[in-house]
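Student: 3D, please:
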Amino acid sequence: QVQLVESGGGLVQAGGSLRLSCAASGRTLRNYAVGWFRQAPGKEREFVADISRSGSSTSYADSVKGRFTTSRDNAKNTVYLQMNGLKPEDTAVYYCAAGTSLSRPYEYDYWGQGTQVTVSS
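Tutor: Residues are numbered from 1 along each chain as shown. Alright, predicted model coming up:
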């Protein structure tokens with residue numbers, strides 16, 4: 001079992017930045033690919049970004065490409081999502097997920113509880 005806990009969400013003005021963290025416990029995160037997803041009120045959950053086990057490969061949704069960056073520190077068992085140039089449409093609950101897939105499309109077995117990101121205009 002892997003337990004994932006997101007943190008770093010909050011309220012920020014448009015154009016601002018936040019860094020989300022996804023901390024794992026129970027097992028070492030280095031054995032898992034990690035994805036970031038978000039869900040806005042009344043909308044379906046959508047993919048934001050993912051990162052391979054080693055961190056050498058990342059992918060992003062078109063809507064965040066060039067603004068968001070995901071990275072990982074396997075020594076700290078943590079994955080990060082740096083969000084710059086935030087827009088009101090980025091407002092959502094952000095989730096991280098982990099899975100043992102070796103290649104995309106990743107499948108996820110474990111999910112965090114989510115952290116709220118609110119961007120004011």
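
Student: Report pLDDT for the spatially most central residue of the chain.
Tutor: For the chain, residue 36 is the residue whose C-alpha lies nearest the centre (Cα atoms, centre = their mean; 2.9 Å). We have a pLDDT of 98 for residue 36.

Student: now do the one 3 residues further on
Tutor: Looking at residue 39, its pLDDT is 98.

Student: same thing with the one 4 residues further on?
Tutor: The score at residue 43 is 97. That number is its pLDDT.

Student: From residue 93, how far out is it?
Tutor: 11 Å (Cβ to Cβ, to the nearest Å). C-betas here are computed from N, CA, C, even on glycine.

Student: Who has more neighbours out of these two?
Tutor: Between residue 43 and residue 93, counted using other Cβ atoms under 10 Å, the more crowded position is residue 93 (18 against 9).

Student: Could you point out the helix or strand that follows the helix or strand encompassing that one?
Tutor: In this assignment (DSSP states H and E), residue 93 forms part of strand 92-99. Counting by DSSP H and E, the next helix or strand C-terminal to strand 92-99 is strand 110-111.

Student: List the pairing partners of the helix or strand just after that following strand within its sheet, with orientation.
Tutor: Following strand 110-111 in sequence order, the next helix or strand is strand 115-120 (DSSP H and E). Sheet pairing of strand 115-120 (DSSP bridges) gives strand 10-13 (parallel), strand 92-99 (antiparallel).

Student: Hmm, residue 113 and residue 97 touching each other?
Tutor: No. With contacts counted by Cβ atoms under 8 Å, residue 97 stays clear of residue 113, the gap being 11.4 Å.

Student: For those two, work out which one has more neighbours and name it.
Tutor: More crowded of residue 97 and residue 113, by other Cβ under 10 Å: residue 97, with 22 against 11.

Student: got the contact list for that one?
Tutor: 4, 34, 35, 36, 37, 108, 110, 111, 112 (Cβ atoms under 8 Å, 6 or more residues apart in numbering).

Student: Relative to residue 71, which of those is nearest.
Tutor: Taking Cβ to Cβ as the measure, residue 71 sits nearest to residue 34 out of those, at 10.3 Å.

Student: Remind me which helix or strand that closest one belongs to.
Tutor: According to DSSP H and E, residue 34 maps onto strand 33-39.
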